[in-house]
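S.K.: Quick check, what structure comes out for this input:
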Amino acid sequence: MAVNANTQKTYDYTTKYEDLQEEFISLTPTETPFMTAIGTKSIEQPNWVWVEVDLAAPDSANRVLEGEAAPGNDAATNGKRLMNYAQLSDKVVEVSTTAQTATGVSNLHRMAKQKAFKMKEMKRDMETMLLANVAANPGGAATARVSAGIPAFLRTNVSRGATGANPTLSGTTVGYPNAAATDGTLRALTETLFNDVIELAWTNGGTPTFVLCGPKVKRKISTAFTGGATKYKDIEDKKITAAVDLYISDFGDMQIVPTRLGRARDVLILDPEYISLAWLQKVNATKLARTGHAERELIAGEYGLQIDSEKAQGVVADIDGTL
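M.R.: Numbering: from 1, shown residues only. Model prediction:
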């Protein structure tokens, strides 16, 4: 049908409101499975020390004579002093007084919302750095301190591609990770490689329960791993589940968790009981000095990673999830 001349239509003007949801929905992922799984603790210095103790190997000849007069001394059980450094992370928000007063869709421009967004962003920054293959750095007047990420601690229960090498410590009796792991040749993940590292961790005293991997590796585990695998626990009629979220190994159940923020090439096999996020300063917001027609706030936290027992953890490194 015809439309009369000069009839105003929505196609003819650009001043109409956009059809926006009043409540803002963020599509940016904020999950931090590593930090969620591990414990937390407080520290009192930017560089802090903890002790890892290894018991002596079992002595299969520990038999002595009844009434033995002068039994010899056994070697003392001493620990190794490990160290890491706390790093300082921050976000700064500045909002003009006009923006703080004006009304907008969901008021995303105001200080309260901006602070909430920056805290979520910083949490993602932290997860990414804690999972990064970086050595610790004591820092200096012109250099920020660096907390070593978990791949830089893993030296015992490891499987690496060709040309890959373990990280190193700065000392033999006390030290921090002073060199990250050397990445090796990428290769395919197999169930045998996966189970070999689980066995190593168990043999060395750990009880790993948590596997952190990239999305392509998660799909590989769901489709290629067969022995001891179970589909997700809640089974409903007429629903097909193609994902493996729980892997039943010979040495315990493994929760398989994908991460968006970790290294795609590392399959971390972890015992979270022996990992802590150590806080020197917990995250807080502080008002900064006002200059002119704007308000500023600083969001900051100081923290580092503590691995109480490196021998309870493992990694299948240098994995290409597409192979």
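S.K.: In this protein, what helix or strand scores lowest on average pLDDT?
M.R.: strand 229-230 (a mean of 50; mean pLDDT, DSSP states H and E).
S.K.: Give me the next element, helix or strand, following it.
M.R.: With elements assigned by DSSP states H and E, the helix or strand that comes after strand 229-230 is strand 246-249.
S.K.: What residues sit buried inside that next one?
M.R.: Buried residues in strand 246-249, counted by 16 or more other Cβ atoms under 10 Å: Tyr247, Ser249. Where C-beta positions appear, they are placed from N, C-alpha and C, glycine not excepted.
S.K.: Quick check: mean pLDDT of that strand?
M.R.: Strand 246-249 carries an average pLDDT of 88.
S.K.: Check the offset of it from the chain's centre.
M.R.: 21 Å (Cα atoms, centre = their mean, to the nearest Å).
S.K.: packing partners for it?
M.R.: strand 229-230, strand 252-258 (3 or more Cβ pairs under 8 Å, 6 or more residues apart in numbering; DSSP states H and E).
S.K.: Mean pLDDT lowest where, among the ones you listed?
M.R.: Mean pLDDT values for the helices and strands packed on strand 246-249 show the minimum at strand 229-230, a mean of 50.
S.K.: which residue ranges form the helices in the protein?
M.R.: 33-37, 97-101, 111-130, 191-203, 215-224 (DSSP state H).
S.K.: out of those, which comes closest to Asn84?
M.R.: helix 111-130 (10.8 Å; Cβ to Cβ).
S.K.: which parts of the closest one are buried?
M.R.: By 16+ other Cβ under 10 Å, the buried positions in helix 111-130 come out as 111, 113-115, 117-120, 122-124, 126-130.
S.K.: May I ask which two of these are separated the most?
M.R.: Most distant of the buried residues of helix 111-130, by Cβ to Cβ, are Met111 and Leu130, 28.3 Å apart.
S.K.: At the geometric centre of the protein, which residue sits there?
M.R.: Phe34 (3.8 Å; Cα atoms, centre = their mean).
S.K.: Can you check the pLDDT for that residue?
M.R.: 93.
S.K.: ok, it to Lys115 distance?
M.R.: Plainly put, Phe34 is 24 Å away from Lys115 if you go by Cβ to Cβ, to the nearest Å.
S.K.: Glu44 now?
M.R.: Glu44 sits 28 Å away from Lys115, going by Cβ to Cβ.
S.K.: just to revisit the earlier point, of the helices and strands packed on strand 246-249, flag the one that's most buried.
M.R.: Stretch with highest mean neighbour count among the helices and strands packed on strand 246-249: strand 252-258 (a mean of 18; mean count of other Cβ atoms under 10 Å).
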